[in-house]
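K.L.:
give me a 3D structure for the following:
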Amino acid sequence: LGAYRHTGNSSPMSAAMSAASAVAFATAGRTAGRPRTNAKASRAARNSVATAAVSDASQLAPTSMFTETALTAQQMQDLASQRPVHNFVSRFGDDEPRKGADILVEALEREGVDCVFAYPGGASMEIHQSLTKSKTQIRNVLCRHEQGEVFAAEGYAKCTGKVGVCIATSGPGATNLVTGLADALLDSVPMVAITGQVPRRMIGTDAFQETPTVEITRQITKHNYLVMNVEDIPRVVREAFFLASSGRPGPVLIDIPKDVQQLMSVPYWGPKVSLNGYLSRLPNPPTNPQMQQVLDMLKNSKRPVVYAGGGCLDAAPELKEFIELTGIPVTNTLMGLGCYPASDPLSLHMLGMHGAVYANYAIDSADLLLAFGVRFDDRVTGKLEAFAARASIVHIDIDPAEIGKNKHAHAAIFSNIKPALRTLNGLIRGEKATFDFSEWLAAINVQRAKFPFSYSNTSDYIVPQYAVELLCKMTDGKAIVSTGVGQHQMWAAQHYKFDEPRNWLTSGGLGSMGFGLPAAIGACAARPDAVVIDIDGDGSFVMNIQELATLHAENLPVKMFILNNQHLGMVVQWEDRFYGANRGHTYLGSPDVEYHTTKNEADIFPDFVKICEGFRVPAERVVRKEDLGPAIQRMLDHDGPYLLDVMFPHQEHVLPMVPGGGTFKDTITTGDGRTPELKDMNTL
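P.N.:
The predicted model follows:
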């Protein structure tokens, strides 16, 4: 297994498949080295580095230090083999045999797992029996669908940075995890998914609830294992957690046959991980000459801009210091929201298809683009040839496959963002370098004043952008916000201002509808003292609506803020803009009557308030603008889960909008769906 999900110019999924295909089905549980031209040199360089400051691997914090401190090969293996929980006292005697399922649960305890999201079945019930006896009382949040549990594990991981854990049975239980695994792969989310499998002797016989889980998930995981020997469980679990959280994070799957779960064994907790190829490909800390090149480019620049993505979430202090030292404006991707405070004057907020005009203007006009922890996604770049066409590009990323994949970098640095920015900030302070970009900032602010995130200020109906802004104001912008996918997702990204990282949970790369409520469940379980709000659309919400039962059963005070237009809103917007408003099965209301025509609340379909009543979750609906503020306050004041159904017209559009494959000059800034035959398609 390589250190990263893919290499070359392949897509994340196809390259993940090729990476994992090096592991044979019969011997899964071992990791195979993936060739890379610089692997030998990298290993030699590591072994020759003076490590006087790091004499004992136990001095280091696991995972993060691998890319921040120069280590020898032996130190890396020792550190990777360490479990986070030291001096663990088992509920079993040292030489007492116990079931494989008990070994698995104890391995999770030794990894510091405090919460899992698991749904039982025939092939995984041994694991659940062991969970009920957990010495550290691992909590199981019983989601009502496996897709709910894998999204909840993502929410847990995204809001904490820790590894999320989900468990499912074989067959349909395992296949129900597939969308979440693909989602975690594309969004670089650390996750370990554990699945039960039919007994070893029945594998390949088309047994009841048998699916080839390893083969199915090979394309959409960072790595996966089939555990054929009960003695491998301690090592496999340690490797899985290390792989999931190190390098570029991602999901790892462990498939365990039921008879392996039932076998009696005395575990050995000291085996070394078998990840030499992977460890040799983790990046070294950046060198001063590398970062000096970046500083020299910055000194020669008149119009620089920082393009910061999800790779900066754990480097927010370093990024903030860099911006304070240089005065460079910074724009965030959808995944990077919160890594730089949105309230800061140097924040240009989100860029891309539905990003701020002034952010996209800065990218289009820049002479230096500092790309930190990003992958030049198509929803950001539009037409690649025109994106940042005037700029020299510095690209720093922990995944070398992303560097040069979509856009050529003039300075390419294979590094974790955190140590790279620390080094760069140290050089700036050491040289006492000063910068003056006042003319550049003034030009950007002209665009900011001309093209703000604006909307119709009417009292005739609730404007969704206003609703999100009001919610942000009433929560002081400090809530953890999850979303589904669609118009509501973009309005939340535009109008809820995040000043801290890991408060924004959304499905970016895969765009999975139904993500919002389960992700909020995971966040609420992980950070019980925080206000957790699912800003969702009626279409996305109904896809995992069964998780209302989880809210009641687990007493999770998730607030659900449903922007309800009775339509599949984002697709409707594209229909209005590009298909003459012809509706291609995008109406989600009752087929015999439409609420937006009758204005009769009895015609709203489905009735989320009544559905919530069946799940014993309080709910109310608001249709008038003057009632929205008090309704939000009641929702926030309620001690428990609460749903607020906010009705708005389906003609509202997310603006600005750069059409797919378009350029900055193609940006649409006006119009909606009320008069599609006359709609205003003005562009820049």
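K.L.:
okay, CA-based contacts and neighbour counts for the rest of this
P.N.:
OK.
K.L.:
I figured Phe88 was touching Arg110, is that so?
P.N.:
Yes: look at Phe88 against Arg110 with CA atoms under 8 Å: they come within range, at 6.7 Å.
K.L.:
what about the two, which has more around it?
P.N.:
Shown here are Phe88 and Arg110; by other CA atoms under 10 Å, Arg110 has more neighbours (23 against 11).
K.L.:
Asp102 contacts Thr132, correct?
P.N.:
No: contact criterion CA under 8 Å: Asp102 and Thr132 do not qualify, at 10.3 Å.
K.L.:
what about the two, which has more around it?
P.N.:
Using other CA under 10 Å, the more surrounded residue of Asp102 and Thr132 is Asp102, with 27 against 13.
K.L.:
ok, residues contacting whatever helix or strand the more buried one lives in?
P.N.:
Using DSSP states H and E, Asp102 falls within helix 100-110. Under the criterion CA atoms under 8 Å, 6 or more residues apart in numbering, residues 83-86, 88, 90, 126-127, 130-131, 134-136, 138, 230, 233-234, 237-238, 260-265, 267 lie in contact with helix 100-110.
K.L.:
direction included, what does the helix or strand following that helix pair up with?
P.N.:
For helix 100-110, the succeeding helix or strand toward the C-terminus, using DSSP H and E, is strand 115-118. If you go by DSSP bridges, strand 115-118 pairs up with strand 139-141 (parallel), strand 164-168 (parallel).
K.L.:
for the stretch 151-300 of the chain, what spans make up the strands?
P.N.:
Using DSSP state E, counting those that start in this stretch, the strands of the stretch 151-300 of the chain run over residues 164-168, 191-197, 223-226, 251-257, 264-265.
K.L.:
where do the strands of the stretch 501-650 of the chain begin and end?
P.N.:
504-505, 532-537, 559-564, 619-622, 642-647.
K.L.:
need the ones you listed in a markdown table (columns: distance to Ala193, mean pLDDT and mean neighbour count).
P.N.:
Output for those, formatted as a markdown table (distance: least, CA to CA, whole Å; pLDDT from 0 to 100; neighbours: other CA atoms under 10 Å):
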| stretch | distance to Ala193 | mean pLDDT | mean neighbour count |
| --- | --- | --- | --- |
| strand 504-505 | 19 | 98 | 25 |
| strand 532-537 | 24 | 98 | 28 |
| strand 559-564 | 27 | 98 | 26 |
| strand 619-622 | 33 | 98 | 18 |
| strand 642-647 | 30 | 98 | 24 |
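K.L.:
distance to Asn176 added to these, as a markdown table?
P.N.:
What follows is these, written out as a markdown table (distance: least, CA to CA, whole Å):
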| stretch | distance to Asn176 |
| --- | --- |
| strand 504-505 | 21 |
| strand 532-537 | 22 |
| strand 559-564 | 24 |
| strand 619-622 | 29 |
| strand 642-647 | 26 |
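K.L.:
ok, which of those strands comes nearest Phe66?
P.N.:
Closest to Phe66 of the strands of the stretch 501-650 of the chain, according to CA to CA: strand 504-505, at 26.4 Å.
K.L.:
pLDDT score for Pro251?
P.N.:
Listed pLDDT for Pro251 reads 98.
K.L.:
from Glu385, how far off is the nearest residue to Gly382 once chain neighbours are set aside?
P.N.:
Spatially, and ignoring its direct neighbours in sequence, Gly382 is nearest to Gly661 (4.4 Å; CA to CA, 6 or more residues apart in numbering). In this view, Gly661 and Glu385 are 10 Å apart by CA to CA, to the nearest Å.
K.L.:
I'd assumed Thr136 was in a helix, is it?
P.N.:
No: Thr136: not assigned to a helix; according to DSSP: H, G, I helix; E, B strand; the rest coil it is coil.
K.L.:
tell me which helix or strand Glu318 sits in.
P.N.:
Using DSSP H and E, the element containing Glu318 is helix 316-326.
K.L.:
flag every buried residue along that helix.
P.N.:
By neighbour count, with 16 or more other CA atoms under 10 Å as the criterion, the buried positions of helix 316-326 are 316, 318-319, 322-323, 325-326.
K.L.:
what of stretch 277-291?
P.N.:
Residues of stretch 277-291 classed as buried by neighbour count (16+ other CA under 10 Å): 277-286, 291.
K.L.:
what is the nearest of those residues to Gln197?
P.N.:
Closest approach to Gln197 among the buried residues of stretch 277-291 (CA to CA): Tyr278, at 27.0 Å.
K.L.:
what's Ala204 sitting at in phi/psi?
P.N.:
Ala isn't right for residue 204; it's Gly. phi 90, psi 0 (degrees, to the nearest 10).
K.L.:
got a pLDDT number for it?
P.N.:
Looking at Gly204, its pLDDT stands at 95.
K.L.:
what of Arg34?
P.N.:
Note for Arg34: predicted pLDDT of 31.
K.L.:
doesn't Thr67 make contact with Pro285?
P.N.:
Yes: if you go by CA under 8 Å, Pro285 and Thr67 touch, sitting 5.7 Å apart.
K.L.:
same for the helix holding Glu318, what does it pack against?
P.N.:
helix 417-431 (3 or more CA pairs under 8 Å, 6 or more residues apart in numbering; DSSP states H and E).
K.L.:
what's the next secondary structure element after the helix it packs on?
P.N.:
Following helix 417-431 in sequence, per DSSP H and E, is helix 438-450.
K.L.:
please identify the buried residues of whichever helix or strand comes after that next one?
P.N.:
Later in the chain than helix 438-450, the nearest helix or strand by DSSP H and E is helix 464-474. Buried residues in helix 464-474, counted by 16+ other CA under 10 Å: 464-472.
K.L.:
ok, now stretch 623-634?
P.N.:
Neighbour counts over stretch 623-634 (16+ other CA under 10 Å) mark 623, 625, 628, 631-632 as buried.
K.L.:
what do you get for stretch 261-276?
P.N.:
By neighbour count with 16+ other CA under 10 Å, stretch 261-276 contains the buried residues 261-267, 269, 273-276.
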